[in-house]
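Just to be clear, the model below is a prediction. Sequence and coordinates:
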Amino acid sequence: MKPALILYLVIFAFYIVFARQPDYFDGQFATGAIHFVRDSAAKAILPKAFFTAGKKEYVADAAYLFRNFKEGERVKLIYDTSKPGNAAVYSLWGYWIRWGEILFSLAAFAVMYFIAVSITSHPSPESLIDLA
C-alpha cells in the first residue's frame, strides 16, 4: 500500500504542475478585483474577477467551491498572454487543487488498488508452478 500511495502522490503532483490552464510557466500575473455579477445562464449572483491586461479589461470566473470572496476584494490572477480572457484566480484552492480532480484521482486509485489486490491475492495454479 505504501509504495502505491507514494506513486499516486508523485503522479498527481506532476499532473497538477503540468495540467493547469492557464499554464503556470507561460502565464502572466495581474491583480484584479472581485465583483458579484448576476449570471443569466445560472440565474445566480456569482463572483467575477475583473482585471486589466494591456489596455483592455477582462473578466475571469471566480466561483470556486469552498471559496468565499468579498465585494471589492483584491486577488492575484494568472492569465494566458495569447488569450487574456483565459484567466483564473491564482490560489492554492481553485487553481492548483480542484475538488473534482481530487475525487476522480482518488476513485481511480482505489479502483486500481482493489484490482491489483484481487489479482494478486488469488493466483492461478499455473502461476504458482511458474514461481517454483
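Received, thanks.

Point out where this structure drops to low pLDDT.
130-132 (pLDDT under 70).

For it, which residue occupies the most central location?
Centroid check for the chain by CA atoms, centre = their mean gives Arg98 as the closest residue, at 3.7 Å.

quick one: it and Tyr15, what's the gap?
To Tyr15, Arg98 is 11 Å away according to CB to CB, to the nearest Å. (Each C-beta comes from the backbone N, C-alpha and C, glycine too.)

How about Ala4: what's its closest non-neighbour residue?
Tyr113 (5.9 Å; CB to CB, 6 or more residues apart in numbering).

how many other residues sit next to the one you found?
Residues lying near Tyr113 (other CB atoms under 10 Å) number 14.

Past the helix or strand containing it, which element shows up next along the chain?
Element membership for Tyr113 (DSSP states H and E) is helix 99-121. Later in the chain than helix 99-121, the nearest helix or strand by DSSP H and E is helix 125-131.

Buried ones in the helix holding Tyr113, by neighbour count?
Of all the residues in helix 99-121, those buried under the rule 16 or more other CB atoms under 10 Å are Phe109.

can you list the residues that contact it?
Residues outside helix 99-121 that contact it (CB atoms under 8 Å, 6 or more residues apart in numbering): Met1, Ala4, Tyr8, Phe12, Tyr15, Ile16, Leu65, Phe66.

Could I get the CA-only coordinates of it as PDB?
Presented in PDB, the C-alpha positions along helix 99-121 are these (Å, rounded to 0.1, in the frame of the first residue of the first chain):
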ATOM      1  CA  TRP A  99     -12.100  19.100  -5.800                       C
ATOM      2  CA  GLY A 100     -13.200  17.300  -9.000                       C
ATOM      3  CA  GLU A 101      -9.700  16.200  -9.800                       C
ATOM      4  CA  ILE A 102      -9.000  15.000  -6.200                       C
ATOM      5  CA  LEU A 103     -12.200  13.000  -6.200                       C
ATOM      6  CA  PHE A 104     -11.600  11.400  -9.600                       C
ATOM      7  CA  SER A 105      -8.000  10.600  -8.900                       C
ATOM      8  CA  LEU A 106      -8.800   9.000  -5.500                       C
ATOM      9  CA  ALA A 107     -11.500   7.000  -7.100                       C
ATOM     10  CA  ALA A 108      -9.200   5.800  -9.800                       C
ATOM     11  CA  PHE A 109      -6.500   5.000  -7.300                       C
ATOM     12  CA  ALA A 110      -9.000   3.000  -5.200                       C
ATOM     13  CA  VAL A 111     -10.200   1.000  -8.200                       C
ATOM     14  CA  MET A 112      -6.700   0.200  -9.400                       C
ATOM     15  CA  TYR A 113      -5.600  -0.800  -5.900                       C
ATOM     16  CA  PHE A 114      -8.500  -3.200  -5.500                       C
ATOM     17  CA  ILE A 115      -8.000  -4.600  -8.900                       C
ATOM     18  CA  ALA A 116      -4.300  -5.300  -8.100                       C
ATOM     19  CA  VAL A 117      -5.200  -6.800  -4.700                       C
ATOM     20  CA  SER A 118      -7.800  -9.100  -6.200                       C
ATOM     21  CA  ILE A 119      -5.500 -10.300  -9.000                       C
ATOM     22  CA  THR A 120      -2.500 -11.000  -6.600                       C
ATOM     23  CA  SER A 121      -4.500 -12.500  -3.700                       C
END
